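Visitor: give the three-dimensional model of this entry:
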Amino acid sequence: MGSVMPADVTAPAAPERDEVDPELLKLPDPPRGERRSTLVVMALAAVASAAMALALTRDAAYWLRSPSATDLGDLGAAPSSAFVSNSFVQGRGRLGGAGQIRYERPFESDSYRIAPVAGNAKVWVEVRVPAGEESNRFVPKAEFSGRLVRFAQAGLRHRGLRSAIEERTGQRVPDDAWILVDGQSPSAARAFALLWLMFVAFATWNLATIARLVRKVR
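Guide: Sure, this is the predicted structure:
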């Protein structure tokens, strides 16, 4: 038998190193100033969105409350231990004339009245008055059902209300005073929950995009 000659084994050629295109070297550097401005704008948007989400946290949390209202009975005689912030309650009482004010909100045809409960200056009730029913002879009802929250935690819709009461009536609102927003059930806070989710998502998206852009530079 004839001997088998080994096949010639040729080593693969080493890949050629990529050469830098001289035309690319002539291109201007990326606009760092514009990129920095974009990052700053996105950071401000993230901070603003986070601040709005924080301001709406209590309003959004109220949407998760039980739809069954806690009965407080006589609001003028109810003990302070019965009051729970950001809860859905019902109660009865006569609104006092001293300290009562009327006000309106933009883009709403109805008006509002707020007054302290007779016998308990720490409990105030906001009543919504349908359009056309507002008059000097308006008599508010004596039974209420809605959201109970401290003045300091009432949210954006009631911001500045305490100072407005003190300015118009000269009557001081206690630091630990409560406000019962008549007619505001937990289901009515769904819009605030959706807004909260939107602002949280927007803040998260901006922060994630900023992190991705910074990581590319490295």
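Visitor: what's the closest non-adjacent residue to residue 42?
Guide: Spatial nearest neighbour of residue 42, excluding adjacent residues (Cβ to Cβ, 6 or more residues apart in numbering): residue 206 at 4.8 Å. C-beta: built from backbone N, CA, C; applies to glycine.
Visitor: quick one: the one you found from residue 199, how far?
Guide: Residue 206 is 11 Å from residue 199, where distance means Cβ to Cβ, to the nearest Å.
Visitor: can you check residue 209 too?
Guide: 16 Å.
Visitor: how about residue 180?
Guide: From residue 180 to residue 199 the distance is 27 Å (Cβ to Cβ).
Visitor: mind listing the strands for the protein?
Guide: Remark: strands assigned in the chain by DSSP state E are 70-74, 87-92, 101-104, 111-117, 120-129, 143-150, 178-182.
Visitor: re the thing from before, more neighbours, residue 209 and residue 199?
Guide: The neighbour count for residue 209 versus residue 199, taken as other Cβ atoms under 10 Å, is higher for residue 199 (20 against 15).
Visitor: pull the number of nearby residues for the closest residue to that one other than its chain neighbours.
Guide: Distance criterion Cβ to Cβ, 6+ apart; nearest residue to residue 199, sequence neighbours excluded, is residue 53 at 4.0 Å. A count of nearby residues for residue 53, using other Cβ under 10 Å, gives 20.
Visitor: residue 53 contacts residue 201, doesn't it?
Guide: No - the criterion here is Cβ atoms under 8 Å, and residue 53 misses it with residue 201 at 9.2 Å.
Visitor: for these two, list the residues in contact with both.
Guide: Counting by Cβ atoms under 8 Å, 6 or more residues apart in numbering, residue 53 and residue 201 have no common neighbour.
Visitor: how about the residue nearest to the spatial centre of the chain: what's its closest non-neighbour residue?
Guide: For the chain, the residue nearest the mean C-alpha position is residue 56 (1.9 Å; Cα atoms, centre = their mean). Spatial nearest neighbour of residue 56, chain neighbours left out: residue 196 (4.5 Å); criterion: Cβ to Cβ, 6+ apart.
Visitor: go through the protein and flag its longest helix.
Guide: helix 190-217 (DSSP state H).
Visitor: can you give me the buried ones in stretch 103-119?
Guide: By 16 or more other Cβ atoms under 10 Å, the buried positions in stretch 103-119 come out as 111, 112, 113, 114, 115, 116, 117.
Visitor: please convert those residues to CSV, extending it with pLDDT and distance to residue 91.
Guide: Output for these, formatted as CSV (pLDDT from 0 to 100; distance: Cβ to Cβ, whole Å):
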residue, pLDDT, distance to residue 91
111, 88, 23
112, 90, 19
113, 89, 17
114, 90, 16
115, 89, 14
116, 90, 14
117, 91, 9
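Visitor: so which of the strands of the chain is the most surrounded?
Guide: strand 178-182 (a mean of 23; mean count of other Cβ atoms under 10 Å).
Visitor: lovely, talk soon.
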